[in-house]
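>>> Got a predicted structure plus its sequence, pasted below:
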Amino acid sequence: MKSQKRIADYGIHIGCMKRGVLNAITDVAGVRVGHCTLDDGNIKTGVTVVIPHEGNMFQEKLFAACHVINGFGKSVGLIQIEELGTLETPIILTNTLSTGTATEALVRYMLKENLDIGKETGTVNPVVCECNDGFLNDIRGLHIREAHVLKALANAGTEFEEGSVGAGCGMSCYELKGGIGTASRLVEIENLTFTIGVLVLSNFGEKGDFVVDGRKVGKSIVSLEQPQEDQGSIIVVIATDIPMTERQLKRLCRRSSVGITRTGTYIGNGSGEIAIAFTTANRFAHYEKAPVCSIGIFNENHINIAFRAVVEATEEAVLNSMICAETTKGRDGNARHSLKEYASFLYTLIDNSTAPKGVRPTRPVAQISPPGFYKGRSGRTGNRSSQISKSGSPEDL
C-alpha cells in the first residue's frame with residue numbers, strides 16, 4: 001500500500017480467493033490503521049493502532065474474540081474480551097516493555113472521549129498487544145511515550161504503510177526484517193459479499209524454516225547471523241463485516257494459526273502468538289436497556305469459506321510484512337536484511353506463464369545473498385557452510 005511493492009507484485013499470489021480493493025484490513029468499512037515510528041540510531045520501535053469503527057468505541061462496542069495460540073506474551077485486555085466477547089477500545093500494538101505506557105495512554109484517550117467512565121458508569125478495558133523488538137531496538141530505554149500513542153491514533157486512515165513502520169520498526173521475522181503486514185479476502189456467498197481483513201505484527205521464526213507459497217526457501221537464503229531459536233511473536237488482528245457471534249469469531253482466530261504456520265514456523269516455546277477478531281456488523285450499545293437484543297448470526301454451513309479467507313489473508317500479511325520492510329541496522333550494530341534483497345530468488349518461484357509483465361527469473365539461485373556478503377572464489381569471502389547449490393534445481397530449494 002502507499003506505492004509499496006508487495007508480495008503479489010513479485011508474482012506470488014497466495015491462495016485462490018478474491019482480494020479487497022486495498023488488499024488490507026481497511027477493506028472492512030470503518031476500520032482505520034495508524035502508525036507512529038521512532039527510528040533514530042539504536043531506537044527502532046513505535047506504535048501501530050487499529051481503530052475498528054468511526055464511532056465511539058466505548059459507547060458502541062463490537063462483538064469480539066481472542067485466542068492465545070502460544071501464551072509467551074504480555075498483552076493487556078484479553079481476559080475481558082474472553083469473558084464478555086466485546087471490544088470497546090482501539091487495539092494498540094507496540095514493543096513488550098512499552099505495554100504499560102501504551103495502556104495508560106489509551107486509557108487517558110478513552111477518558112477524554114467518555115466523561116462518564118469511572119463516574120456514571122464503570123471502567124474501560126484497554127487492549128494492547130506486544131512483540132519484543134529488543135534485537136534491533138534499545139528496548140530498555142522505554143522510548144515510547146503517551147504522545148506517540150496519540151499520534152498513531154490521530155494518523156489513522158484507510159491507507160497506510162507496511163513493513164518497518166509503527167510497532168513494526170524493530171521487528172524481525174525468520175531472521176530477516178519483519179513488521180506490519182496486511183491482506184484481505186472477499187467472502188462471496190450467493191448474492192452477498194463480505195470482507196475479512198487481517199493485520200499482523202510479525203516477529204517470529206527461524207530462517208531455515210521459512211516457506212513462501214509452499215516452497216521451502218529458508219535454507220537457500222544465506223545465513224547472515226548465527227541461527228536463533230524461534231523466540232519471537234506474532235499478533236494477528238482480524239476484522240470482518242460478517243455478522244458473527246464471539247464464538248464464531250474465536251473460530252476465526254484459531255484458523256489464523258494455519259496461515260502463520262504456512263509460512264514455515266512450528267510456533268516455538270518462546271514465541272507468543274495471539275489473535276484478536278472483531279466484527280463491525282454486530283454492535284452492542286453501552287447503555288442498552290432492552291432485556292432482549294437481536295443480532296445477526298452467520299450460517300455455519302457457509303463458515304468454511306470464512307476460515308479459508310483468514311488463512312489466506314494471514315499468510316499473505318506475514319509475507320507483506322517482510323517484503324515491505326527495509327534492511328535495518330539497529331542496537332549494537334545488529335542488523336536484519338529485507339526479504340526484498342532476495343527478489344530475484346523469489347522470481348525463480350514464479351511460473352513464467354503467470355508472472356506479471358516484465359517479471360522473469362534473471363539470476364541463478366546461487367546469487368541470492370545480499371550484496372557484499374557471500375562472494376565465493378577469487379579472493380572473495382563468505383561462510384562455506386552457508387553456501388547454497390548453484391544448480392538452481394527444485395531439489396536444492
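Thanks, I have the structure now. As the structure is a computational prediction, the values presented were derived from the model and not from experiment.
>>> Longest helix in this protein, please.
helix 303-323 (DSSP state H).
>>> That one: how far from the chain's middle?
Centre-to-centre, helix 303-323 and its host chain are 10 Å apart (CA atoms, centre = their mean, to the nearest Å).
>>> Mind listing what's buried along that helix?
By neighbour count on 16 or more other CB atoms under 10 Å, the buried set for helix 303-323 is 303, 306-323. Heads up, the C-betas are built off the backbone N, CA and C, glycines and all.
>>> swap in stretch 100-107?
Buried, per 16+ other CB under 10 Å, within stretch 100-107: 101, 102, 103, 105, 106, 107.
>>> what's the closest non-adjacent residue to the fifth one?
The spatially closest residue to residue 106, leaving aside those adjacent along the chain, is residue 126, at 4.2 Å (CB to CB, 6 or more residues apart in numbering).
>>> related to what we said a few turns ago, take the longest helix of the chain, keep the C-alpha atoms, and write them as CSV.
In CSV, the C-alpha atoms belonging to helix 303-323 read as follows (Å, rounded to 0.1, in the frame of the first residue of the first chain):
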residue,chain,number,x,y,z
ILE,A,303,-18.3,-20.8,7.5
ASN,A,304,-15.5,-22.8,5.8
ILE,A,305,-15.1,-20.0,3.2
ALA,A,306,-14.5,-17.6,6.1
PHE,A,307,-11.9,-20.0,7.5
ARG,A,308,-10.1,-20.1,4.2
ALA,A,309,-10.2,-16.3,4.0
VAL,A,310,-8.5,-16.0,7.3
VAL,A,311,-5.8,-18.5,6.4
GLU,A,312,-5.0,-16.9,3.1
ALA,A,313,-5.0,-13.3,4.4
THR,A,314,-2.9,-14.2,7.4
GLU,A,315,-0.2,-16.0,5.3
GLU,A,316,-0.1,-13.1,2.8
ALA,A,317,0.0,-10.5,5.5
VAL,A,318,3.1,-12.1,7.0
LEU,A,319,4.8,-12.1,3.6
ASN,A,320,3.8,-8.5,3.0
SER,A,321,5.3,-7.5,6.4
MET,A,322,8.6,-8.9,5.2
ILE,A,323,8.7,-7.8,1.6
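>>> That helix - contacts with which helices or strands?
For helix 303-323, the packing partners by 3 or more CB pairs under 8 Å, 6 or more residues apart in numbering; DSSP states H and E come out as strand 172-173, strand 179-189, strand 192-203, strand 233-240, helix 246-261.
>>> okay, the residue nearest to the spatial centre of the chain: pLDDT?
Central residue of the chain (CA atoms, centre = their mean): residue 200, 1.0 Å from the mean position. In this model, residue 200 is scored at 99, pLDDT.
>>> Relative to residue 26, how far out is it?
According to CB to CB, to the nearest Å, residue 200 stands 14 Å off from residue 26.
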